[in-house]
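Student: any chance you can model this:
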Amino acid sequence: MAQIAIFSERRLQWLGFCLVAAASVSAPLAYAAGSTDASGRYSILREGGNDTGCMLTLDARTRGRAGLKAQLAPACRDNGVVIFDPVGWGLDRGRLVLTARKGHKAHFDKGADGVWRRDDKEGKALGLRPL
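Tutor: All right, here's what the predicted structure looks like:
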């Protein structure tokens, strides 16, 4: 009977390990060669192309908590952007995906003018213009 209890305990430990390992695998975002196409510094725009005065850096060389590292400049005063607080980014099928500190995501499509624009279905207009 003791052998069954030990076996069951080890089985549960193994199952727990597998669940933790599976949870630590990030979403299938591209972090390799294609990511450098979107890396760099961006000016954050609101509706109508109005500059918020905020700057976002997308780093292709450093891993962050949620993909590659994204960092908002400390001088940003746009309340919505500050609350979102992007900490990670990646590319998913040609779309830029920003990940907020709390884990939710915003998806952007690149326009012909080089500006990444947030999907209209996700809320207010937001854009990222390369500097």
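Student: going forward, measure contacts between C-alpha atoms and count neighbours the same way
Tutor: Fine.
Student: which one's the longest strand in the chain?
Tutor: Using DSSP state E to define each element, the chain has its longest strand at strand 50-64.
Student: give me the sheet partners of that one and which way each runs.
Tutor: strand 40-46 (antiparallel), strand 67-72 (antiparallel) (DSSP bridges).
Student: distance between the helix or strand following the shortest one and the chain's centre?
Tutor: This points to strand 67-72. Next along the chain after strand 67-72, taking DSSP states H and E as the criterion, comes helix 79-84. Distance of helix 79-84 from the chain centroid (CA atoms, centre = their mean, to the nearest Å) equals 15 Å.
Student: same check, this time on stretch 63-71
Tutor: So, by CA atoms, centre = their mean, the centroid of stretch 63-71 is 7 Å from its chain's centroid.
Student: one more: stretch 51-59?
Tutor: Worked out by CA atoms, centre = their mean, stretch 51-59 lies 14 Å from the chain centre.
Student: just the CA trace of it, in CSV.
Tutor: The C-alpha coordinates for stretch 51-59 follow below in CSV (Å, rounded to 0.1, in the frame of the first residue of the first chain):
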residue,chain,number,x,y,z
ASP,A,51,1.2,62.9,-31.0
THR,A,52,0.8,62.1,-27.3
GLY,A,53,4.3,63.1,-26.4
CYS,A,54,5.0,59.5,-25.3
MET,A,55,7.8,57.3,-26.7
LEU,A,56,7.9,53.5,-26.7
THR,A,57,11.0,51.4,-27.3
LEU,A,58,10.7,47.9,-28.7
ASP,A,59,13.9,46.0,-28.0
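Student: next, the buried residues of that stretch.
Tutor: Asp51, Thr52, Cys54, Met55, Leu56, Thr57, Leu58, Asp59 (16 or more other CA atoms under 10 Å).
Student: does the second one really touch Val81, like I thought?
Tutor: No - with contact defined as CA atoms under 8 Å, Thr52 does not count as touching Val81 (9.2 Å).
Student: what's the end-to-end length of stretch 61-81?
Tutor: Terminal residues of stretch 61-81 are spaced 23 Å apart (CA to CA, to the nearest Å).
Student: can you check stretch 87-101 too?
Tutor: Stretch 87-101: ends 6 Å apart by CA to CA.
Student: distance of Asp59 from Leu72?
Tutor: 11 Å.
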